[in-house]
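Engineer: Structure for the following, please:
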Amino acid sequence: MVDGDLDKIVPLGRQAVELGADIIKADPTDDVAMFHKVVETSGGVPVLVRGGGNASERAILVRTQALIAQGGSGIVYGRNIIQHPAPNSSRHYKGLLGGGSRRIIS
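Structural biologist: Next up, the predicted model:
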């Protein structure tokens, strides 16, 4: 279950940093415009956004673009890519990540 509560995600990210995390996997925030607060709290530790529940491809692409724009370092999506009826759909996500240091993990 995805819990997009910013008041829960930010402290968990901070704790991960304090414990020495090399990377953080975080739920997307309910208001994607606030995801930058999770990234800011990470203190430079890369933050990967986990996928969450089933949604339309369009909704996921729009949300992914917004989360990456807020500073997400990559995505960790499972069923929305692996179980997609068109196996090549991951190319859309790769385009959003723009190569470089951002990655897609499924």
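Engineer: Which of the helices or strands spans residue 13?
Structural biologist: Residue 13 belongs to helix 6-18 when elements are defined using DSSP states H and E.
Engineer: for the helix or strand following that helix, packing partners?
Structural biologist: Tracing the chain past helix 6-18, the next element assigned as helix or strand by DSSP H and E is strand 24-26. Under the contact criterion of 3 or more C-beta pairs under 8 Å, 6 or more residues apart in numbering; DSSP states H and E, the helices and strands touching strand 24-26 comprise helix 6-18, strand 47-50. For the C-beta atoms, the positions are set from N, CA and C on the backbone; glycine is no exception.
Engineer: Give me the contact list for strand 24-26.
Structural biologist: Applying C-beta atoms under 8 Å, 6 or more residues apart in numbering, the external contacts of strand 24-26 come out as 9, 12-13, 16-17, 38, 42, 45-50, 76.
Engineer: chain center to that strand: distance?
Structural biologist: Relative to the centre of its chain, strand 24-26 is centred 7 Å away, using C-alpha atoms, centre = their mean, to the nearest Å.
Engineer: now stretch 72-80
Structural biologist: For stretch 72-80, the distance between its averaged C-alpha position and the chain's averaged C-alpha position is 5 Å (C-alpha atoms, centre = their mean).
Engineer: Convert that stretch to PDB, retaining C-alpha atoms only.
Structural biologist: Extracted C-alpha coordinates of stretch 72-80, given in PDB (Å, rounded to 0.1, in the frame of the first residue of the first chain):
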ATOM      1  CA  GLY A  72      13.700  12.200  -7.900                       C
ATOM      2  CA  SER A  73      16.800  10.300  -9.000                       C
ATOM      3  CA  GLY A  74      14.900   7.400 -10.600                       C
ATOM      4  CA  ILE A  75      12.000   5.100 -10.300                       C
ATOM      5  CA  VAL A  76      11.300   1.600  -8.900                       C
ATOM      6  CA  TYR A  77       8.300   0.400 -10.700                       C
ATOM      7  CA  GLY A  78       7.100  -3.200 -10.900                       C
ATOM      8  CA  ARG A  79       3.700  -4.200 -12.100                       C
ATOM      9  CA  ASN A  80       3.000  -1.000 -14.000                       C
END
